[in-house]
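Enquirer: the sequence isn't on hand, but the structure is:
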């Protein structure tokens, strides 16, 4: 039998009616002659609500206890989904991450999978059951504690299970019909893609696209797992994420210079003002930043002012890392010798991604011309082989995305449909 791993996100199991609809889809997959393993997220906004509750109790929840709390959301949805499937006359068994053999390191809140031992899952499949696994969570052998994988971790759970079980396909179900050329919530005329390469999807995910978590895409590419992103609200065929070395039928025809436009409002910018322009100072700054575990994205250093021999260094990082990074740099002010720090959390990042950029000319010119015509000011620029990213004001990044999407002729004829989801 073909083995299919399916993942359903929070918007797909937001209430009892949605859970019954998902159960029906899983049963239909089983009726078609497939073995089925399902990874499920917490219902709706449960994780955010639990986080809010934890911070009402204490400003700094203990990481171990926070993982215990947050992992309960997926346990609720997995049990309810198994009940719904049983009610339809099919055997289903639910398992927590630890019961499913998801072994992680000991990092609470952002654990990494180190091994998958799905012994109980194989036994259940052999006995003809549909397997339901709580996403987003695992177990550390040394501490014997429950861990969570970080936001988007259910995607990674599904891909890890598909790799460990040798699944033929991993389907990621969400509240849109597949992967689009931009976020259809911000760009109404975003166009659905039938195929996208894993390298393009990695860049889009790293640039703020939320349809697939970057760790899941990396894991799938490393372990040769075929991904299909589909809607849980209809029977749209969705989008296949493929290995560029093994093009699926039709992928070559669809390829265009730009695969997608991503926006990201989760970052902030720190500027270290009046830095002595001498060797070793930048190393000191970013060694301190690295000590806070902040994930630096873009870096720009201005030209040194000849009269003072000083310069400014700006970099972007997640807003969640801003306060601790500012504190660490401030404590080292005298050692580094800079004049002041500036913090700006009202920025937005826009990125254009496309594998064909390697062999195409004029992409930068078209991007910057579109932003100029829209009256958008650029504050920072960074590039890779298949991506160009710019920083602009947060309140203008959606307008920038619309302009760039149109300039690269990515607009569909009709508005995209978003079936659910609150955006939290």
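Expert: Good, I have the coordinates. What you are looking at is a predicted structure, and each value in this text was computed from that prediction instead of being measured.

Enquirer: number of nearby residues for the closest residue to residue 234 other than its chain neighbours?
Expert: Spatial nearest neighbour of residue 234, excluding adjacent residues (Cβ to Cβ, 6 or more residues apart in numbering): residue 177 at 7.0 Å. Yep, even glycine has a C-beta here, placed from its N, CA and C like the rest. Residue 177 has 22 neighbours, counted by other Cβ atoms under 10 Å.

Enquirer: ok, now which ones touch residue 177?
Expert: Shown in contact with residue 177 (Cβ atoms under 8 Å, 6 or more residues apart in numbering): 192, 230, 231, 234, 236, 238, 416, 417.

Enquirer: identify those among those that sit within strands.
Expert: Counting by DSSP state E, those place 230, 231 in strands.

Enquirer: need the max-distance pair from the contacts of residue 177.
Expert: 230 and 416 (14.6 Å; Cβ to Cβ).

Enquirer: thinking residue 273 is in contact with residue 336, fair?
Expert: No - using Cβ atoms under 8 Å, residue 273 makes no contact with residue 336, being 11.4 Å away.

Enquirer: any weak-confidence spans in the stretch 201-350 of the chain?
Expert: For the stretch 201-350 of the chain, applying pLDDT under 70 flags the ranges 245-255, 306.

Enquirer: re the thing from before, of the contacts of residue 177 - the most surrounded one?
Expert: residue 238 (23 neighbours).

Enquirer: test my guess that that residue contacts residue 231.
Expert: Yes - here residue 238 reaches residue 231: they are 7.0 Å apart, a contact under Cβ under 8 Å.

Enquirer: hmm, back to that, and of the contacts of residue 177, the nearest to residue 162?
Expert: residue 230 (14.7 Å).

Enquirer: tell me who's in contact with the closest one.
Expert: 171, 172, 173, 174, 177, 178, 236, 237, 238, 239.

Enquirer: which of the residues you listed tops the neighbour count?
Expert: Ranking the contacts of residue 230 using other Cβ under 10 Å puts residue 172 first, with 29 neighbours.

Enquirer: tell me, what's touching residue 238 and residue 231 both at once?
Expert: 177, 178.

Enquirer: can you give me the helices for the chain?
Expert: Assigned by DSSP state H, the helices in the chain fall at 16-31, 46-57, 63-87, 119-126, 153-165, 198-206, 214-223, 251-254, 281-291, 322-331, 333-336, 363-373, 397-407.

Enquirer: right, so of those, which gets closest to residue 268?
Expert: helix 322-331 (4.6 Å).

Enquirer: other SSEs contacting the closest one?
Expert: Applying 3 or more Cβ pairs under 8 Å, 6 or more residues apart in numbering; DSSP states H and E, we find helix 322-331 packed against strand 267-276, helix 281-291, strand 340-344.

Enquirer: export the ones you listed to a markdown table and append columns for mean neighbour count and distance to residue 48.
Expert: Output for the helices and strands packed on helix 322-331, formatted as a markdown table (neighbours: other Cβ atoms under 10 Å; distance: least, Cβ to Cβ, whole Å):
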| stretch | mean neighbour count | distance to residue 48 |
| --- | --- | --- |
| strand 267-276 | 20 | 20 |
| helix 281-291 | 15 | 28 |
| strand 340-344 | 14 | 25 |
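
Enquirer: just send the ones you listed back as a markdown table, with distance to residue 384 too.
Expert: Formatted as a markdown table, those follow (distance: least, Cβ to Cβ, whole Å):
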| stretch | distance to residue 384 |
| --- | --- |
| strand 267-276 | 17 |
| helix 281-291 | 19 |
| strand 340-344 | 24 |
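
Enquirer: so which of the ones you listed is nearest residue 397?
Expert: Each of these has some distance to residue 397 by Cβ to Cβ; the shortest is strand 267-276, at 10.7 Å.

Enquirer: per-residue pLDDT, the residue nearest to residue 234?
Expert: At residue 177, the pLDDT value in this model is 89.

Enquirer: ok, the one 5 residues further on next?
Expert: Here the pLDDT value assigned to residue 182 is 94.

Enquirer: now it: how far from residue 209?
Expert: Distance of residue 182 to residue 209, given as Cβ to Cβ, to the nearest Å: 8 Å.

Enquirer: my read: residue 182 touches residue 262, true?
Expert: Yes - look at residue 182 against residue 262 with Cβ under 8 Å: they come within range, at 7.0 Å.

Enquirer: what's the neighbour count on the nearest residue to residue 364 once chain neighbours are set aside?
Expert: Distances taken as Cβ to Cβ, 6+ apart place residue 388 nearest to residue 364, at 6.2 Å, with adjacent residues excluded. By the measure other Cβ under 10 Å, the count of residues near residue 388 is 21.

Enquirer: kindly report the same for residue 262.
Expert: The number of residues near residue 262, taken as other Cβ under 10 Å, comes to 25.

Enquirer: what's the distance between the residue nearest to it when sequence neighbours are not counted and residue 397?
Expert: Setting aside the residues directly before and after it, residue 262 is nearest to residue 207 in space (Cβ to Cβ, 6+ apart), at 4.0 Å. Remark: distance between residue 207 and residue 397 (Cβ to Cβ) = 12 Å.

Enquirer: now for the two: what residues contact both?
Expert: Overlap of the contact sets of residue 207 and residue 397 (by Cβ under 8 Å, 6+ apart) consists of residue 349.

Enquirer: stretch 219-227: how far from the chain's middle?
Expert: 15 Å (Cα atoms, centre = their mean, to the nearest Å).

Enquirer: can you give me the neighbour number for residue 371?
Expert: There are 21 residues near residue 371, going by other Cβ under 10 Å.

Enquirer: what sits against it?
Expert: 378, 390, 392, 400, 403, 404.

Enquirer: filter the residues you listed to the buried ones?
Expert: Among the contacts of residue 371, those classed as buried by 16 or more other Cβ atoms under 10 Å are 390, 392, 400, 403, 404.

Enquirer: ok, now which ones touch the closest residue to residue 12 other than its chain neighbours?
Expert: Nearest non-adjacent residue to residue 12, counting by Cβ to Cβ, 6+ apart: residue 232, 3.9 Å away. Shown in contact with residue 232 (Cβ under 8 Å, 6+ apart): 8, 9, 12, 18, 21, 22, 25, 173, 174, 175, 419.
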